[in-house]
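1. need the 3D shape of this:
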Amino acid sequence: MQQQPAPILPQRSLWSRGLLMLLMGLAYQLASSLLLCVAIVQFVVVLALGAPNQRLKNFGADLGLYLGQIAQFQSFAADALPFPFADWPSDA
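-> Residues are numbered from 1 along each chain as shown. Next up, the predicted model:
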């Protein structure tokens with residue numbers, strides 16, 4: 001028996017994914033900049049109060065999950081679109 005080659009994605013689907021990859025790349029840059037800001041604010045809070053802010057901790061963890069989802073989509077490791085096309089990731 002001869003095996004059939006794997007089906008090739010239709011060009012239209014591949015082009016739309018390419019556009020989504022560009023948009024998700026921009027979202028990644030924004031989210032990573034926001035994560036840097038959260039880290040700086042959290043550092044200042046720990047310096048001032050001696051303990052991290054729980055809300056910033058949770059938001060930073062969720063933001064890290066979001067960045068991971070974008071990286072998986074960008075590298076074709078996952079087909080699921082990240083936020084805003086899906087729910088915001090939550091560590092809880």
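2. and stretch 58-77, what's its mean pLDDT?
-> Stretch 58-77 shows an average pLDDT of 95 in the prediction.
3. quick one: distance of it to the chain centre.
-> Centroid separation for stretch 58-77 versus its chain: 3 Å, with C-alpha atoms, centre = their mean, to the nearest Å.
4. and that stretch, what's buried?
-> Neighbour-count burial for stretch 58-77, with 16 or more other C-beta atoms under 10 Å as criterion, is recorded at 59, 60, 62, 63, 64, 65, 66, 67, 69, 70, 73, 74. Every C-beta, even on glycine, is put in place using the N, C-alpha and C of the backbone.
5. TSV for the residues you listed, including distance to residue 87 and secondary structure?
-> Below are these laid out as TSV (distance: C-beta to C-beta, whole Å; DSSP: H, G, I helix; E, B strand; the rest coil):
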residue	distance to residue 87	secondary structure
59	15	helix
60	18	helix
62	11	helix
63	14	helix
64	16	helix
65	11	helix
66	11	helix
67	16	helix
69	11	helix
70	14	helix
73	15	helix
74	19	helix
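6. which one of those is nearest to residue 84?
-> residue 66 (10.5 Å; C-beta to C-beta).
7. not counting sequence-adjacent ones, nearest residue to that closest one?
-> By the measure of C-beta to C-beta, 6 or more residues apart in numbering, the closest residue to residue 66 outside its immediate chain neighbours is residue 89, 5.2 Å from it.
8. lovely, talk soon.
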